[in-house]
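Enquirer: can you look at this prediction? I've put the sequence above it.
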Amino acid sequence: MCGIAGILQLDGAPAEESRVRCMAEVMSHRGPDASGFFSEGPVALGHLRLSIIDLSVAANQPFVDHTGRYRIIFNGEIYNFREVKAMLPDYPFTTKGDTEVLLAAYIKWGAECLRHFRGMFAFAIWDSAERQLFMARDPMGVKPLYYYKDENRWLFASEIRGILASGLVERKLSTQALYEFFCFQSVSYPYSPIEGIRQLQAGSWLRIGRGVEEGGCYWDLTQQAPDHDFSDPGHTGKRIRELMLGSVQRRLVSDVPVGAFLSGGIDSSAVVGLMAEAGTSRPNTFTVAFEEEEYDESEHAELIARKFNTHHTRILLKPTVFLDELRSALDAMDTPSGDGINTYVVSKAIREKGMTVALSGAGGDELFAGYPFFGQYLQLQKRKALWKLPLPLRTRMAGWRYPGTPDGREGRMKQLLQLPSVEIDEVYPVFRQILSPHLLDELTRLTRNGAPVPSVVASLEARKKELGRMPLLSQVSVAEYLGYTQHTLLKDTDQMSMAVSLEVREPFFDQDLVEFVLAVPDRLKKPIYPKSLLVESLKPLLPDEIVFRKKQGFLFPWNLWLKNELRDFCQTHLTAIAQRDFVDADRLMDRWKRFLSGDARVRWAEIWLFVVLEYWMEKNGVS
């Protein structure tokens with residue numbers, strides 16, 4: 001796990017290494033163990049290292065191949081590097097890690113090397129003979145990679161603030177990004193919060209230099225078809241177990257100790273159980289505990305720790321630690337998010353216990369239909385004949401059935417009834433929205449000239465034919481991966497864990513596992529009880545006390561905190577953002593007053609988006 005940065009001058013001018021050093025300096029948290037730089041003519045590269053595999057200085061980057069032609073900077077891990085290395089018997093390896101394997105694979109296969117890798121990664125390779133730069137990103141989008149181009153140069157980095165630190169990009173907010181942030185609490189591919197800075201799409205590559213600018217997508221969620229007969233549920237479950245075990249085994253590859261987040265829920269418990277089965281030593285597990293019973297899950301976590309004989313650490317925190325760490329968490333945000341503070345606090349607590357790598361159960365809900373939306377989508381499909389009625393009639397029905405406010409649950413049902421259809425590209429944005437279209441119109445000026453098409457909608461529409469051939473529950477999974485999962489969950493995990501130099505690995509985001517489970521028919525995947533397909537596939541791994549416990553999680557009283565401990569903090573930032581030209585000041589401040597007065601129709605999350613955005617803009621000097 002590391003940080004990368006670079007500049008390629010398209011006009012042939014010498015690249016300024018000093019600028020790359022500035023880009024790297026603001027990302028130093030991503031790689032505290034070593035830093036390295038390289039410049040040659042039009043290119044300058046920088047690397048920050050968090051040592052995980054092959055701890056020797058020989059593995060430091062930028063790493064050069066044995067001929068001196070290629071140099072690589074790499075963020076992430078190639079879990080199956082030993083298998084790939086075995087396919088490259090003619091290369092004279094000098095190190096024992098994955099970086100040199102990645103480079104050797106590129107030298108042999110070019111862009112096709114990406115199909116051999118299983119891991120999380122973002123990397124850049126400079127070919128000094130062709131004077132070209134090759135960049136790529138992992139299939140699931142676990143590792144970030146941003147870039148900016150103008151007529152003279154390309155800039156790229158693991159973080160937006162890395163590119164901004166070059167001093168070559170105007171700190172101007174993107175209108176499209178604003179719209180996406182208020183809709184979905186994060187910004188989706190290809191945009192970023194800064195005008196002109198883009199995200200490289202997950203599962204894709206770029207090659208630039210000497211008049212060449214080309215790219216491609218080497219993996220897509222909707223274009224995989226595993227060769228498996230799903231008529232036998234037992235055989236399907238057995239295969240899921242094999243893939244889950246293999247995924248965990250891959251993520252235990254490390255030259256430093258590996259720990260695991262353990263909440264006592266189904267997903268983290270499954271990961272820990274498989275760690276115990278796959279590893280050669282006792283797993284290290286960590287649970288954040290609270291004295292307050294309504295927040296504490298440590299009893300269930302300790303049950304799992306005893307069952308699998310882990311080295312278990314209970315980290316006792318006060319709920320108010322989330323308030324104490326608020327500014328540090330907000331400072332850690334490379335891109336603004338309405339979520340992520342929990343991840344920062346937990347990651348910091350585990351890092352302070354001496355861990356550098358930790359496995360997480362994130363992704364289980366998305367893959368095994370764990371969210372309520374999965375069942376709701378199935379119910380909508382049973383009633384899809386309703387959407388064949390004329391729109392005016394459905395609009396009248398919506399007004400009669402849901403006569404109240406256009407926001408909240410009733411407002412969401414009104415929106416659904418007025419959609420052209422209940423296909424996934426239409427309904428997913430409604431279910432995932434934070435600010436409804438009505439609230440966006442009321443509180444901002446972003447839709448005065450018409451609302452832009454959200455990126456996730458465009459992504460789903462582009463895959464409409466392929467989605468139509470997939471099981472209904474898998475359609476929801478794909479929408480989640482292209483939306484909330486990639487751009488909120490994974491992005492928050494990366495930026496908040498790397499802020500404290502902790503590498504987080506997520507077995508549920510394994511490429512082979514995802515490909516297989518997305519092909520599983522609804523009749524096998526539809527939950528009989530929470531995530532029953534996963535639990536049945538792993539039997540008897542998880543005890544009933546874990547499987548059938550009430551889902552808990554970090555449900556802290558932010559609603560009360562915003563009215564009390566955080567009131568002045570919110571007031572200051574709301575007053576500031578109200579002066580921005582994209583905000584309707586009077587309506588925003590009126591909604592804040594209604595929230596403070598106890599109006600249940602005003603949700604804290606709606607207010608919080610404006611607070612977080614203003615803090616981020618001020619912190620990063622964005623106008």
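Expert: Looks like it arrived, so ask away.
Enquirer: quick one: end-to-end distance for stretch 155-169.
Expert: 9 Å (CA to CA, to the nearest Å).
Enquirer: same check on stretch 210-225?
Expert: Note: stretch 210-225 ends 38 Å apart using CA to CA.
Enquirer: which residues are contacting that stretch?
Expert: 111, 114-115, 130-132, 136, 139, 201, 203-208, 463, 466-467, 470, 478, 481-482, 511, 514-515, 518-519 (CB atoms under 8 Å, 6 or more residues apart in numbering). Yep, even glycine has a C-beta here, placed from its N, CA and C like the rest.
Enquirer: how about the helix or strand of the chain with the lowest mean pLDDT: buried residues?
Expert: The element with the least model confidence among the helices and strands of the chain, by mean pLDDT, DSSP states H and E, is helix 408-417, at a mean of 85. By 16 or more other CB atoms under 10 Å, the buried positions in helix 408-417 come out as 410-412, 414-417.
Enquirer: ok, stretch 378-389 next?
Expert: 380, 387.
Enquirer: all helices for the stretch 51-200 of the chain, in order.
Expert: 81-86, 98-109, 160-164, 175-184 (DSSP state H, counting those that start in this stretch).
Enquirer: Serialize those to TSV and add fields for mean neighbour count, distance to residue 281 and mean pLDDT.
Expert: Converted to TSV, the helices of the stretch 51-200 of the chain look like this (neighbours: other CB atoms under 10 Å; distance: least, CB to CB, whole Å; pLDDT from 0 to 100):
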stretch	mean neighbour count	distance to residue 281	mean pLDDT
helix 81-86	17	19	98
helix 98-109	23	21	98
helix 160-164	24	37	98
helix 175-184	22	41	95
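Enquirer: quick one: which of those is nearest residue 307?
Expert: Residue 307 lies closest to helix 81-86 among the helices of the stretch 51-200 of the chain, at 30.6 Å (CB to CB).
Enquirer: packing partners of the closest one?
Expert: Helices and strands touching helix 81-86, by 3 or more CB pairs under 8 Å, 6 or more residues apart in numbering; DSSP states H and E, are helix 98-109.
Enquirer: show me what the helix it packs on is in contact with.
Expert: In this structure, residues lying in contact with helix 98-109 by CB under 8 Å, 6+ apart are 53-54, 59, 61, 63, 65, 70, 72, 74, 77-78, 81, 84-85, 87-88, 91, 93-94, 113, 116-117, 119, 121, 123, 125, 134.
Enquirer: quick one: buried ones out of the contacts of stretch 210-225?
Expert: Here, 16+ other CB under 10 Å leaves 111, 114, 131-132, 136, 139, 201, 203-208, 463, 467, 470, 478, 481-482, 511, 514-515, 518-519 buried among the contacts of stretch 210-225.
Enquirer: how far off centre is the host helix or strand of residue 342?
Expert: For residue 342, the host element (DSSP states H and E) is helix 341-351. The chain centroid and the centroid of helix 341-351 are separated by 16 Å, computed with CA atoms, centre = their mean, to the nearest Å.
Enquirer: could you give the average pLDDT over the host helix or strand of residue 497?
Expert: Element membership of residue 497 [criterion: DSSP H and E] is helix 490-498. Helix 490-498 comes out with an average pLDDT of 96.
Enquirer: residue contacts, residue 202?
Expert: Residues near residue 202 by CB under 8 Å, 6+ apart: 137-141, 189, 486.
Enquirer: put together a markdown table for the residues you listed, with pLDDT and distance to residue 168 on each row.
Expert: Below are the contacts of residue 202 laid out as a markdown table (pLDDT from 0 to 100; distance: CB to CB, whole Å):
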| residue | pLDDT | distance to residue 168 |
| --- | --- | --- |
| 137 | 98 | 22 |
| 138 | 98 | 27 |
| 139 | 97 | 30 |
| 140 | 95 | 30 |
| 141 | 96 | 26 |
| 189 | 92 | 22 |
| 486 | 95 | 27 |
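Enquirer: out of those residues, which is nearest to residue 585?
Expert: The closest of the contacts of residue 202 to residue 585 turns out to be residue 189 (CB to CB; 31.5 Å).
Enquirer: the helix holding residue 342 packs against which elements?
Expert: strand 258-261, strand 284-290, strand 311-317, helix 321-324, helix 326-332, helix 490-498.
Enquirer: for it, which outside residues touch it?
Expert: 259, 261, 286, 288, 315, 317, 321-322, 325-326, 328-330, 332, 358, 492-493, 496-497, 499-502, 504, 554.
Enquirer: follow-up on the earlier one: of the helices of the stretch 51-200 of the chain, which is nearest residue 49?
Expert: Closest among the helices of the stretch 51-200 of the chain, using CB to CB: helix 98-109, at 9.7 Å.
Enquirer: ok so, going back, export the helices and strands packed on helix 341-351 to JSON lines and tack on mean neighbour count?
Expert: Below are these laid out as JSON lines (neighbours: other CB atoms under 10 Å):
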{"stretch": "strand 258-261", "mean neighbour count": "24"}
{"stretch": "strand 284-290", "mean neighbour count": "23"}
{"stretch": "strand 311-317", "mean neighbour count": "16"}
{"stretch": "helix 321-324", "mean neighbour count": "16"}
{"stretch": "helix 326-332", "mean neighbour count": "17"}
{"stretch": "helix 490-498", "mean neighbour count": "25"}
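Enquirer: with respect to residue 367, which of the ones you listed lies nearest?
Expert: Taking these one by one with CB to CB, helix 490-498 is closest: 13.2 Å.
Enquirer: what angle separates the closest one from helix 341-351?
Expert: Helix 490-498 and helix 341-351 are oriented at 30 degrees to each other (axes from the mean of the first three to the mean of the last three CA atoms, to 10 degrees).
Enquirer: from the chain's centre, how far out does the helix or strand following helix 490-498 sit?
Expert: Next in sequence after helix 490-498, counting helices and strands by DSSP H and E, comes strand 503-505. Mean-position distance between strand 503-505 and its chain equals 12 Å (CA atoms, centre = their mean).
Enquirer: counting by contacts, list what strand 503-505 packs against.
Expert: strand 357-359, helix 490-498.
Enquirer: out of the ones you listed, nearest to residue 254?
Expert: Nearest of these (CB to CB): strand 357-359, 5.4 Å.
Enquirer: any chance you could list what contacts the closest one?
Expert: Residues from elsewhere that reach strand 357-359 (CB under 8 Å, 6+ apart): 52, 248, 251, 254, 256-261, 271-272, 275, 286, 347, 350, 497, 502-507.
Enquirer: now what about whichever helix or strand comes after it, what contacts it?
Expert: Per DSSP H and E, the first helix or strand lying C-terminal to strand 357-359 is helix 364-367. Here helix 364-367 makes contact (CB under 8 Å, 6+ apart) with 266-267, 270, 370-371, 477, 480-481, 485, 508, 513-514, 517, 531, 534.
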